[in-house]
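>>> predicted model and sequence follow; I will ask about them next.
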2 protein chains.
Amino acid sequence: MTTAYQKLSARMQKINDLGHLQAMSHWDEAVMMPPGGGEARAQALSTLSSVLHDFITAPEIAEEIASAKTETLTAPWEQMNLEIIEKNYRRAVDVPSDLVAKFTRAHMQSEQAWREMRATNDWQAFLPLFSETFKLCREIATIQGESLGMDPYDALIDQYSTGFNQAIIDPIFSQLKAELPNIIKNIVAKQADENLLPITGTFLVEQQRQLGLELMQALGFNFNHGRLDVSHHPFCGGVPSDVRITTRYSDHEFITSAMGICHETGHARYEQGLPTAWSGQPVGKALGMAIHESQSLLIEMYACRSAAFMEFLSPLVKRHFGDNPCYNPANLLKIYTRVKPGYIRVDADAVTYPLHVILRYELEQQLFTDQLSIKDLPEAWDQKMRTYLDLSTGANYQNGVMQDVHWPAGIFGYFPAYTLGSLIAAQLFAAATKAHPQIENQLKQGDFTTLFSWLNKHVHSRASSVSPTTLIQDATGGPLDSSYYLKHISERYRE
Amino acid sequence: MTTAYQKLSARMQKINDLGHLQAMSHWDEAVMMPPGGGEARAQALSTLSSVLHDFITAPEIAEEIASAKTETLTAPWEQMNLEIIEKNYRRAVDVPSDLVAKFTRAHMQSEQAWREMRATNDWQAFLPLFSETFKLCREIATIQGESLGMDPYDALIDQYSTGFNQAIIDPIFSQLKAELPNIIKNIVAKQADENLLPITGTFLVEQQRQLGLELMQALGFNFNHGRLDVSHHPFCGGVPSDVRITTRYSDHEFITSAMGICHETGHARYEQGLPTAWSGQPVGKALGMAIHESQSLLIEMYACRSAAFMEFLSPLVKRHFGDNPCYNPANLLKIYTRVKPGYIRVDADAVTYPLHVILRYELEQQLFTDQLSIKDLPEAWDQKMRTYLDLSTGANYQNGVMQDVHWPAGIFGYFPAYTLGSLIAAQLFAAATKAHPQIENQLKQGDFTTLFSWLNKHVHSRASSVSPTTLIQDATGGPLDSSYYLKHISERYRE
């Protein structure tokens, strides 16, 4: 006889399968699709969404969850799987579908408008559309919060970074906010005297691609289960058994693409390391965006932007682009650890980045508690930029409040994931190198086996079978703590 | 109020949308997917198939068809759309689903076995699996035939080449069978004395690709609605607004790939020329495989393997690969019109090809009327090969009865499409050049505009709104007639 849990499990596999097609279509759209294919593709994906929605909200699921709770599950991961299934189901069914449809229309409109209005810096025209998107997002967050027993903004944070909330984030971000502005001033002052040889010349895409593939090889990317391609915005997509990472090449430098590939490979190794025994089940998926980002940032920021790794990178670069002093390890390290406060989050270095995130996080908190209204965002933004990074955006909305796609697209509560990821990465990297001091020497050889075997054991193989709190505690022996990050930047940037 | 026809139409759009994802996934699988992605992809596609099956066989469709028949439809194409919807529905629901499942398992098994057993020439081991596949295919054909009022084998032919049947095919194939063996002997004898300069050297893939793209450009391929890539077996896939064609490059010659690209571009232009007003509806799709093949063969065999086109191709080739007498128009034409009887259908030239098809067609007819049993296929095959092409396959099963994937995959009734396509192509090309005698001169410039504007008017834009019989009659002024093909080869090969 089929148990209720088995029935649920079969449903999850089907939902996963349709998600597979969705993920691959998104990859294709970003990487392969000619522009004229867009309309029919949007139509096809909208039909798939509605089919998926019917699967996800099938009324039988409620009964099956209730029955499954009375059954004896054979493994702890099945228990966790059931919990996630229930949480996902409540998220899907508790919000009335006409509200979801209104929100979808609103954020599609504001995102579309944003693409044009950001270019023309037109905050005033964008404001009414954006206000509507925010209003509906908040309505949904309120319903989901009630349903899950969470504050509305926490419900959004939890949606992206499972297991995190303001109670965890606030003290951590407070410490960063208190210390980073001074740290940045010191680093900038120190770097001002540095003699950095800039990289100049033209770099063939095919050679950059070869370099990227060699980095992926060193990082243990499994090419039997994934590929590297090109897209306008780099990302890690696809499915665990077929991970599609992308990059973007510039003719003028290889620095960004090379490190971007390391970053995406960090994401990819997480996906490729998820336990195949749980594939197709919610418990077998990655543990939210904060942990996902920790895996890419650990590789990029902690392992690859290190003095040790430059010993490996330098000869690779020279083999492709010739022997030039600017490719010496010390100079590459200077390039890769340059700190420079700027307006744009996505261009920020590892030290100023958290302040971009904290700024957005605090503004989101204020919006969700009515301490700030949407129309006053630019002024509040400018004030925080001046406080945190000593820069004024003024009426430069396109590089201020209008710079990110997240808000226009109705995505609130996502930003903390980036900095949580960085903090978790610092803490995990400290634990891994403490357990295996040879890791640093291995990085000099481009040997990541010890590091990844530790990560696989403590992160990848656990998938979503534990909360991030448990995962961090088990892996590092303590709760999330920003001092690892602060210690790391102090060592790397001010030594 | 929504009419029943409108409801059906909305269902068809959804079915079309899921088909879009299916088509793109197949393209991705053949072109992009790393091997390790296969298992999850198969699982995802199997789920999609079952979702699609539920959409296609929804019981409400029967009532909606019945109601729609009583409604006044505003356009003749809607009437045709309704007819196709009904026919597709009956095909889908009249066969019991457990029989479909048994057949799917059987042909997947025999196809898989064939991939190994063809290599080892093991007909005996293959026979029981193949017999089971044939048996189940015949059971399904019998049910569908009864349901559609057709002979079982006709039901299969009609499934692939809508509107064709043995009554149409038999006299046409008889004429070819009677005349071709002698024609071939004469051509081979004549060509034996020809001085053909063989192509030698190494040809860079990137240059071959450039040549291919230039050919596609000349052929009016719309790159805003499609792409060219590489796959093991060349094909034309994707959807009308995003047509994905593929080719395969050899280092040793560019001849096959260049002409293969012309062939696939013929398919692609058909898809790209389908009326967008009917997109998503059955009436808006291509009119079966025989007509589809006519569009690729018209471009490849009639337009591009011509003396006129060699005037355009020769300088293109020389620009890419250097000035060499073997790239002169006359020599390229010799290469592209070489006739040589061989064992393998897919390697056959335009003159011997029909005999490969007729052989298979006749054997299929005999199998479906119990005049031949599966186990006696090799002997019957050998006998026909000797009669038609003066070659003996004997116990060389891998180049005989086991050479094609069609039968192991449970595909019977498909082969006639190839030769019907060629005959239709000859007749259409004769009509087009009769209406527009300037086409030949235009081909010398690589100018296909007049030809494609004729094809678009008479074939592409009509999609499935008429039967092939009507389409051929309207376009050429007469019924399908193999004399156009015979006249063509007589002119091209024996003049």
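It's in.

>>> contacting residues for A:Thr449?
If a contact means C-beta atoms under 8 Å, 6 or more residues apart in numbering or on different chains, then A:Thr449 has A:220, A:442 as its contacts. Yep, even glycine has a C-beta here, placed from its N, CA and C like the rest.

>>> neighbours of the closest residue to A:Lys87 other than its chain neighbours, just the number please.
Spatial nearest neighbour of A:Lys87, chain neighbours left out: A:Leu148 (6.9 Å); criterion: C-beta to C-beta, 6 or more residues apart in numbering or on different chains. As a burial measure, A:Leu148 scores 16 neighbours (other C-beta atoms under 10 Å in any protein chain shown).

>>> state the next helix or strand along the chain beyond the helix or strand containing A:Leu313.
Per DSSP states H and E: A:Leu313 is located in helix A:307-321. Using DSSP H and E, the helix or strand that directly follows helix A:307-321 along the chain is helix A:329-336.

>>> how much does that next one deviate in direction from helix A:307-321?
Taking axes from the mean of the first three to the mean of the last three C-alpha atoms, to 10 degrees, helix A:329-336 and helix A:307-321 form an angle of 100 degrees between their directions.

>>> outside of whatever helix or strand comes next after helix A:329-336 itself, list whatever touches it.
Counting by DSSP H and E, the next helix or strand C-terminal to helix A:329-336 is helix A:353-368. Residues from elsewhere that reach helix A:353-368, judged by C-beta under 8 Å, 6+ apart: A:134, A:138, A:141, A:152-153, A:166, A:169, A:173, A:176-177, A:180-181, A:184, A:345, A:348, A:371-374, A:377, A:380-381, A:384-385, A:388-389, A:404, A:412-413, A:415-416, A:418-419, A:422, A:485.

>>> rerun at 6 Å
A:152-153, A:173, A:176-177, A:180, A:345, A:348, A:372, A:380, A:384, A:388-389, A:412, A:415-416, A:418-419 (C-beta atoms under 6 Å, 6 or more residues apart in numbering or on different chains).

>>> buried only: go through those for me.
Neighbour counting by 16 or more other C-beta atoms under 10 Å in any protein chain shown classes A:152-153, A:173, A:176-177, A:180, A:345, A:348, A:372, A:380, A:384, A:388-389, A:412, A:415-416, A:418-419 among the contacts of helix A:353-368 as buried.

>>> checking my notes, A:Leu228 in a helix, right?
No: A:Leu228 is assigned strand when assessed by DSSP: H, G, I helix; E, B strand; the rest coil, not a helix.

>>> who does it bridge with?
A:Ile245 (DSSP bridges).

>>> number of residues surrounding it?
Around A:Leu228 there are 20 other residues, counting by other C-beta under 10 Å.

>>> low-confidence ranges, chain A, go.
In the prediction, chain A carries residues with pLDDT under 70 at positions A:495.

>>> which positions in it make contact with chain B?
Contact residues (C-beta under 6 Å from any C-beta of the partner chain) of chain A with chain B: A:14, A:17, A:20-21, A:34-37, A:40, A:43-44, A:47, A:224-225, A:227, A:239, A:241-242.

>>> tell me which of those fall in helices.
Under the assignment DSSP state H, the residues of chain A next to chain B contribute A:14, A:17, A:20-21, A:40, A:43-44, A:47 to helices.

>>> of those, which pair is most distant in space?
Farthest-apart pair in these is A:Lys14 and A:Ala40; separation 24.4 Å (C-beta to C-beta).

>>> now the closest residue to chain B within the stretch 101-250 of chain A: how far from B:Gly19?
Ranked by C-beta to the nearest C-beta, the top residue of the stretch 101-250 of chain A for proximity to chain B is A:Asp242, at 3.0 Å. Noted for A:Asp242: a distance of 22 Å to B:Gly19, by C-beta to C-beta, to the nearest Å.

>>> out of these two, which sits in the more crowded spot?
For A:Asp242 versus B:Gly19, the count of surrounding residues by other C-beta under 10 Å is larger for A:Asp242: 29 against 18.

>>> name all residues that make contact with the more buried one.
A:225, B:37.

>>> and the spatially most central residue of chain A, what element?
Residue closest to the average C-alpha location in chain A (C-alpha atoms, centre = their mean): A:Glu293, at 4.2 Å. Using DSSP H and E, A:Glu293 sits in helix A:288-297.

>>> run the angle between that helix and helix A:353-368 for me.
For helix A:288-297 against helix A:353-368, the angle by the same axes, to 10 degrees is 170 degrees.

>>> which strands and helices sit next to helix A:288-297?
In terms of contact count using 3 or more C-beta pairs under 6 Å, 6 or more residues apart in numbering or on different chains; DSSP states H and E, helix A:288-297 is assigned the packing partners helix A:255-273, helix A:416-435.

>>> so which of those helices is nearest B:Lys318?
Here helix A:255-273 is closest among the helices and strands packed on helix A:288-297 (C-beta to C-beta), at 37.3 Å.

>>> contacts made by the closest one with the rest, please.
Taking C-beta under 6 Å, 6+ apart as the rule, helix A:255-273 contacts A:208, A:211-212, A:215-216, A:219, A:221-222, A:225-226, A:234, A:236, A:240, A:243, A:245, A:247, A:249, A:286, A:295-296, A:299-300, A:304, A:335, A:456, A:460.

>>> give the buried residues for that helix.
A:256-273.

>>> with stretch A:323-336 instead?
For stretch A:323-336, using 16+ other C-beta under 10 Å, the buried residues are A:326-329, A:331-336.

>>> from those, pick the one nearest chain B.
When the buried residues of stretch A:323-336 are ranked by distance to chain B (C-beta to the nearest C-beta), A:Tyr327 comes first, at 27.8 Å.

>>> before we move on, the earlier item: what's the angle from the helix holding A:Leu313 to helix A:255-273?
110 degrees.

>>> same for helix A:307-321, what does it pack against?
Using 3+ C-beta pairs under 6 Å, 6+ apart: helix A:307-321 touches helix A:205-218, helix A:329-336, helix A:439-444.

>>> what is the neighbour count of the nearest residue to A:Ile291 once chain neighbours are set aside?
The shortest distance from A:Ile291 to any non-neighbouring residue, by C-beta to C-beta, 6+ apart, is to A:Pro468 (5.7 Å). As a burial measure, A:Pro468 scores 22 neighbours (other C-beta under 10 Å).

>>> residues contacting A:Ala106?
A:Ala106 sits next to A:132-133, A:136 when contact means C-beta under 6 Å, 6+ apart.

>>> mind telling me what element it is part of?
In this structure, A:Ala106 sits in helix A:97-117 according to DSSP H and E.

>>> any idea how far A:Trp407 is from the residue in the stretch 51-200 of chain A that chain B sits nearest to?
Chain B sits closest to A:Val51 of the stretch 51-200 of chain A, with a gap of 6.2 Å, by C-beta to the nearest C-beta. Look at A:Val51 and A:Trp407: by C-beta to C-beta, they are 29 Å apart.
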